[in-house]
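1. coordinates only, sequence not included:
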């Protein structure tokens, strides 16, 4: 069984994989246990923890989906989770994995996996809410089949920026643009949530393809949760903006980010001039 541990302020920390993202500012290491770190919140026995707390599954059938949430809240750090998504015909289903605070002015950092017909790619939908306002969607197709094996989906959350990663490859950077009047999530602690639910009114081809309940139950699997605290030095804004903008991503990572956005991004709100006829949002002028 994996062990858990805390540092002096109680933030659970996790082992990091050194790769395309520079993690020299991370501190501490240990692996989370689902029994100790999460509560199964809805769906009855459709949500299960097994393997001594090392594996979790969510299922969806015609009656209900299911979900879980973290026992603790987080304010800055890196969150890693490995997921294996619903296989086969997953049209109409959504597997959501996100961080969120509560209330009408909540902050939120979203991964949502929109199912599709067998053989078609999943759509990875990302979004960021600040002070209750979202509408910052970027969508991607993945360069692998996310139903065959487990893959790691991560968020690095700092006062300076938010970075989305897939298998340690950065796919999106949302920078702090408070200097331009754009709120940034840095005051509200967030819990980790995940759910598997039916959204066939919009999830697949805008709702044209409905859920095939003959294929139910639909099941997604989770393992190797890690939450890593950042060092205090990494949370201080650097006076040289060019450094804090890229401090978590090395040169290879920046090239991979451009590769993902060139070949696998299928929607970017910052390029949607029809949606914003009065002008793109201010943060779109401050992109990575």
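-> Cool, got the structure. Just so it is clear, the structure is predicted and the values come from calculations on it, not from any experiment. Residues are numbered from 1 along each chain as shown.
2. what stretches of the stretch 1-150 of the chain score poorly on pLDDT?
-> Counting by pLDDT under 70, the low-confidence segments of the stretch 1-150 of the chain come to 1-31.
3. how about the helices in it?
-> With DSSP state H, counting those that start in this stretch, the ranges of helices along the stretch 1-150 of the chain come out as 34-37.
4. got a list of what residue 114 touches?
-> Residue 114 makes contacts with 94, 122-125, 199, 203-204, as judged by Cβ atoms under 8 Å, 6 or more residues apart in numbering. In this view, the C-beta of every residue, glycine as well, is placed from N, C-alpha and C.
5. mind redoing it with 7 Å?
-> Residues touching residue 114, when contacts are defined by Cβ atoms under 7 Å, 6 or more residues apart in numbering, comprise 94, 122-123, 125, 203-204.
6. Of those residues, which is the nearest to residue 218?
-> Closest to residue 218 out of the contacts of residue 114 is residue 94 (10.3 Å), distances taken as Cβ to Cβ.
7. which residues does the closest one contact?
-> For residue 94, the contact set (Cβ under 7 Å, 6+ apart) comprises 112-115, 197, 199, 203.
8. In strands only, show me those residues.
-> When strands are assigned by DSSP state E, the members of the contacts of residue 94 inside them are 112-114, 197.
9. rewinding a little: going by neighbour count, which of the contacts of residue 94 comes out on top?
-> residue 115 (30 neighbours; other Cβ atoms under 10 Å).
10. Does residue 181 touch residue 282 like I think?
-> Yes. Assessed by Cβ atoms under 7 Å, residue 181 is found in contact with residue 282 at 6.1 Å.
11. more neighbours, those two?
-> Neighbours per residue, other Cβ under 10 Å: of residue 181 and residue 282, the larger number sits with residue 282, 12 against 8.
12. Phi first, then psi, for the closest residue to the more buried one other than its chain neighbours.
-> Counting by Cβ to Cβ, 6 or more residues apart in numbering, the nearest residue to residue 282 once its immediate chain neighbours are dropped is residue 180, at 4.5 Å. The phi and psi values for residue 180, taken as degrees, to the nearest 10, are phi -100, psi 10.
13. State the pLDDT value of residue 180.
-> Model confidence at residue 180, expressed as pLDDT, equals 92.
14. With the one 4 residues further on instead?
-> The score at residue 184 is 96. That number is its pLDDT.
15. Give me the secondary structure label for it.
-> Put simply, residue 184 is coil when judged by DSSP: H, G, I helix; E, B strand; the rest coil.
16. Using neighbour counts, pick out the buried residues of stretch 248-265.
-> Buried residues in stretch 248-265, counted by 16 or more other Cβ atoms under 10 Å: 248-249, 253, 256-257, 260-261, 264-265.
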